[in-house]
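In: sequence and predicted structure are below.
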Amino acid sequence: MKVNTEKIPLETDQGIIESEERRWGLPLKEVYKHGLLFYKDKEGKAMHLSYEDKLKLVAYTQQTAHGPLDVNSVPPLGVLDVIGRDRRAAWQALGHMSQIQAMAGFIHTLDRLCPSFRPYIEAIQKDFEDKKEQEVKKEQQLKNHKELEDRVLLERDSHNSAKLTEEEQVQRVKDALNAQSYEQFYEYAQQQFPDNVDHQAVLIRQLQDKHYQEYIQQLAVDERLAKSHINFNEEDTFETNDAKKDCNSNDTDIIDSKEIQVSDQFESEYKEDSRGGDSEPDDGLPGIDEARMWCRGSVEVFKQSARDNGGTLTVAHGETVTVRVPTHSTANAICWEFATDYYDIGFGLYFEWSKSPTSEVTIHVSESDEEGDCDDDEYPDEEYTIEGNSRDPEMGRGKHLVVHTRPMVSLVVPIYRRDCHTEVYAGSHTYPGEGVYLLKFDNTYSLWRSKTLYYKVYYTQ
């Protein structure tokens, strides 16, 4: 039986592949695979083909699967197998047609014989494009996520590097100061605790920490005065010009070779601190009990609670924030809790023997410990103003001198750096009398970083 095969344009296999992909929007092999499924599913149901058309389609599938017919390699047919002889005849009629051409012939024949084949392929193409678009979006999301992770890691590495650099510089300054003052502090500690090595070590450490804080505070004062173009005499400075210059560099030799002397007055300021951290005024004021202090976990829970209650503030670099809390008539003790983000901060507690005109908690920001400065000889406990009437011609007509006495301040807890970024620091103190508590949060030692502070203050009975 003679079968007319589908005419395929004579061109190379690559040309056929490109042409069919442009026509169908899918690779040729994909179209052929879906065409086979369509034919097997729809033949005899949604479409009815003639015997000759079926022979054509079967011949194309055999040519695609096995290539040209080799009569010697196929098994013999039975005498009564008419359909088998017709199929082999149709297959043999394809001659040396390539497998690519056979695929294209199958697709063209099926498209011509069944009008529903093209919509079927178009639906598959649409689904294919949707999946491809989703894959592209997913790849883009993964790419963006990877870029974000890389940026976070880079920022974290940069943050850790900057933090390490600051800590290294701070440690270099401390090492240089400790090397210069160790012998003097050691002799002083031996005099205070001649038979107790542990107490000597604690006292030396306290003196070194205080020495470093005083040094950094003096640097901040010098910088502030330099900005204001105020000229000081050399004997009034802390001899830290060279050290201040080197503190901002990466050189190993940070402190100037001149030894920074610690005066007898500096040593006497630590005598009371080394014996419990509390000081009693020498002018008849009542004694002050020691404060109770402890630490606890749940830092993030505490921070969220402080945020909800508005107990947050920023302590800029080189600044000291003082929270003034007046005593309450219905309470007999004060309690406090605080924590920070990422870095430590200095904390100390003072009690001001004065009657507050208000019961509100107030915040005071300064670039140095102003109350501490009042202890120096050049900052007396009295202030002078000119007001009213006076007969002194040098003071101006109608004016006289009025003396204002500063309120006395007692030390409750010395200012030391606390690792409040790792756990919540808390404490309580019993009222020594009527006055104002000064909660000092000291960030003067930090030359670059501001600190975010979370705090709570409340009264107890």
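Out: Now that the structure is in, tell me what you want to look at.

In: got the residue ranges for the helices in the stretch 1-150 of the chain?
Out: Shown for the stretch 1-150 of the chain, the helices assigned by DSSP state H, counting those that start in this stretch span residues 13-24, 28-42, 51-66, 82-93, 99-113, 117-192.

In: number of residues surrounding Y215?
Out: Using other Cβ atoms under 10 Å, the number of residues around Y215 comes to 22. Using the backbone N, CA and C atoms, a C-beta is placed for each residue, glycine as well.

In: meant to ask about T358
Out: 9.

In: which stretches of the stretch 101-250 of the chain have low pLDDT?
Out: For the stretch 101-250 of the chain, applying pLDDT under 70 flags the ranges 163-164, 224-250.

In: again with the stretch 301-450 of the chain
Out: For the stretch 301-450 of the chain, the stretches flagged by pLDDT under 70 are 368-405.

In: about what we covered before: let me have the helices of the stretch 1-150 of the chain in TSV, extended by distance to A201 and mean neighbour count.
Out: TSV is the format used below for the helices of the stretch 1-150 of the chain (distance: least, Cβ to Cβ, whole Å; neighbours: other Cβ atoms under 10 Å):
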stretch	distance to A201	mean neighbour count
helix 13-24	83	15
helix 28-42	81	17
helix 51-66	91	19
helix 82-93	101	17
helix 99-113	89	21
helix 117-192	8	13
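
In: which parts of the stretch 251-400 of the chain are helices?
Out: Using DSSP H, counting those that start in this stretch, helices in the stretch 251-400 of the chain cover 264-271, 299-308, 370-373.

In: quick one on the thing from earlier: make a markdown table out of the helices of the stretch 1-150 of the chain and add distance to Q304.
Out: Shown next, in a markdown table, are these (distance: least, Cβ to Cβ, whole Å):
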| stretch | distance to Q304 |
| --- | --- |
| helix 13-24 | 59 |
| helix 28-42 | 56 |
| helix 51-66 | 69 |
| helix 82-93 | 79 |
| helix 99-113 | 66 |
| helix 117-192 | 23 |
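
In: out of the ones you listed, which gets nearest to E367?
Out: The closest of the helices of the stretch 1-150 of the chain to E367 is helix 117-192. By Cβ to Cβ, the value is 18.8 Å.

In: tell me what the closest one is packed against?
Out: With contacts taken as 3 or more Cβ pairs under 8 Å, 6 or more residues apart in numbering; DSSP states H and E, helix 117-192 sits against helix 28-42, helix 99-113, helix 197-227, helix 241-247, helix 264-271.

In: could I get those as CSV with distance to V301?
Out: Listed next are the helices and strands packed on helix 117-192 as CSV, based on distance: least, Cβ to Cβ, whole Å:
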stretch, distance to V301
helix 28-42, 58
helix 99-113, 68
helix 197-227, 30
helix 241-247, 38
helix 264-271, 37
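
In: figure out which of those is closest to D175.
Out: Ranking the helices and strands packed on helix 117-192 by proximity to D175 (Cβ to Cβ) places helix 197-227 first, at 10.1 Å.

In: packing partners for that closest one?
Out: Going by 3+ Cβ pairs under 8 Å, 6+ apart, helix 197-227 lies up against helix 117-192, helix 241-247, helix 264-271, strand 409-418.

In: and the angle from it to strand 409-418?
Out: Interaxial angle of helix 197-227 relative to strand 409-418 (axes from the mean of the first three to the mean of the last three Cα atoms, to 10 degrees): 100 degrees.

In: buried stuff in helix 197-227?
Out: With burial defined by 16 or more other Cβ atoms under 10 Å, the residues of helix 197-227 counted as buried are 200, 203-204, 206-222.

In: from the chain's centre, how far out is stretch 305-317? Work that out for me.
Out: Centroid separation for stretch 305-317 versus its chain: 18 Å, with Cα atoms, centre = their mean, to the nearest Å.

In: got the contact list for that stretch?
Out: Stretch 305-317 has contacts (Cβ atoms under 8 Å, 6 or more residues apart in numbering) with 321, 339, 345, 363, 365, 441, 443, 446-457.

In: and it, C-alpha only, in CSV?
Out: Taking Å, rounded to 0.1, in the frame of the first residue of the first chain, the C-alpha atoms of stretch 305-317 are listed here in CSV:
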residue,chain,number,x,y,z
SER,A,305,9.3,47.0,79.1
ALA,A,306,11.5,50.2,79.3
ARG,A,307,10.5,51.1,75.8
ASP,A,308,6.8,50.8,76.6
ASN,A,309,7.2,53.0,79.6
GLY,A,310,9.3,55.6,78.0
GLY,A,311,12.5,54.9,80.0
THR,A,312,15.0,55.2,77.1
LEU,A,313,17.6,57.9,76.3
THR,A,314,20.8,58.3,74.4
VAL,A,315,24.1,59.1,76.1
ALA,A,316,26.4,60.7,73.5
HIS,A,317,30.1,60.1,73.4
